[in-house]
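Undergrad: Generate coordinates for the sequence data below:
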Amino acid sequence: MTKMKLGVSPELCRLKAAAALIPIIESGIADSKISHERAALMLTFCKWATNIEPIDSNQADLLKRVEQGGDRMRMLVR
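TA: Residues are numbered from 1 along each chain as shown. Predicted structure coming up:
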């Protein structure tokens, strides 16, 4: 069984997952492999994951990357 590092919160795990999801959404839309409805649902998760207060610069960078990627994708999904 894998052990999680102490201090890793569920919120941080969601933020990391959202950061990894942004390029998947981008390529899925570009290749027409993800419908706009599905992309919108994925972006909803990403938006939810950004509801944290970053405690260090790494988290702040992740947060910024997810927010900027989400904004870019929202323009394409509309």
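Undergrad: And the residue nearest the centre of the protein?
TA: The C-alpha lying nearest the average C-alpha coordinate of the chain belongs to Ala18 (CA atoms, centre = their mean; 2.0 Å).
Undergrad: quick one: least confident helix or strand in this protein?
TA: Least confident helix or strand, the chain: helix 57-77 with a mean of 90, by mean pLDDT, DSSP states H and E.
Undergrad: Counting neighbours, which bits of it end up buried?
TA: Residues Gln59, Leu62, Leu63, Val66, Glu67, Gly69, Gly70, Met73, Val77 are the ones in helix 57-77 that count as buried (16 or more other CB atoms under 10 Å). Backbone N, C-alpha and C define where each C-beta goes, glycine included.
Undergrad: burial count for the nearest residue to Asn51 once chain neighbours are set aside?
TA: Computed as CB to CB, 6 or more residues apart in numbering, the closest residue to Asn51 that is not its neighbour in sequence is Glu11, at 7.9 Å. Glu11: 15 surrounding residues under other CB atoms under 10 Å.
Undergrad: Leu12 too?
TA: 17.
Undergrad: Leu43 touches Arg74, doesn't it?
TA: Yes. With contact defined as CB atoms under 8 Å, Leu43 reaches Arg74; the gap is 6.2 Å.
Undergrad: Find the helix or strand that Ala18 is a member of.
TA: Here Ala18, judged by DSSP states H and E, is contained in helix 10-30.
Undergrad: Sketch out the low-pLDDT regions of the chain for me.
TA: Counting by pLDDT under 70, the ranges of the chain that qualify are 1-7.
Undergrad: now do 90
TA: Within the chain, the set of residues satisfying pLDDT under 90 comprises 1-9, 72-78.
Undergrad: that older thread, direction-wise, compare the least confident helix or strand of the chain with helix 10-30 and give the angle.
TA: Relative orientation of helix 57-77 and helix 10-30, computed by axes from the mean of the first three to the mean of the last three CA atoms, to 10 degrees: 30 degrees.
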